[in-house]
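Chemist: what shape does this take:
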Amino acid sequence: MSNNRSSRFLGGLLIGTAIGAVSGVLLAPKSGKETRRVLNKSLQAMPELAEDISSNVQLQADRLSENSLRNWEATLKRLREAIAAGVVASQLEQERLNLVSSHDPTANSVTDRRTQPRE
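Modeler: Coordinates of the predicted model:
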């Protein structure tokens, strides 16, 4: 999350700098020739600025994708472990019930015991 905030801040800083530079040039009390020269230089720098922003966004998207994949893999691993533990517990309970029913011929099932009236 901190990387995401940093990238947003840097992207906003770059965009704000570009907007501020253009606004400053347009509002500065310079001659038209000087203003056009400075504006032309600023416009020439825009593709490089756009490329930097694009690279930054791509880098952050890659990091987010990697983090998401890592988190998904960890979640999937925990889910598989939980399912395996559930299967083992189910098998143990089935074996316990089979053992109980083989030793106690009157106990047909767990539900039979629950439905029998108490004395």
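
Chemist: flag the helix or strand of this protein with the lowest per-element mean pLDDT.
Modeler: helix 110-115 (a mean of 51; mean pLDDT, DSSP states H and E).

Chemist: what's the neighbour count on residue 5?
Modeler: Residue 5 has 9 neighbouring residues, counting by other Cβ atoms under 10 Å. C-betas here are computed from N, CA, C, even on glycine.

Chemist: pull the contacting residues for it.
Modeler: For residue 5, the contact set (Cβ atoms under 8 Å, 6 or more residues apart in numbering) is empty.

Chemist: please, which helix or strand holds it?
Modeler: helix 2-27 (DSSP states H and E).

Chemist: find the residue at the geometric middle of this protein.
Modeler: residue 68 (4.2 Å; Cα atoms, centre = their mean).

Chemist: please determine how far that one is located from residue 62.
Modeler: 11 Å (Cβ to Cβ, to the nearest Å).

Chemist: count of neighbours near residue 23?
Modeler: For residue 23, the tally of surrounding residues (other Cβ under 10 Å) stands at 10.

Chemist: ugh, typo on my part, it should be residue 88
Modeler: 10.

Chemist: residue 101 now?
Modeler: 15.

Chemist: what is the neighbour count of the closest residue to residue 64 other than its chain neighbours?
Modeler: Among residues not flanking residue 64 along the chain, residue 4 sits closest, at 6.9 Å (Cβ to Cβ, 6 or more residues apart in numbering). Residue 4 has 12 neighbouring residues, counting by other Cβ under 10 Å.
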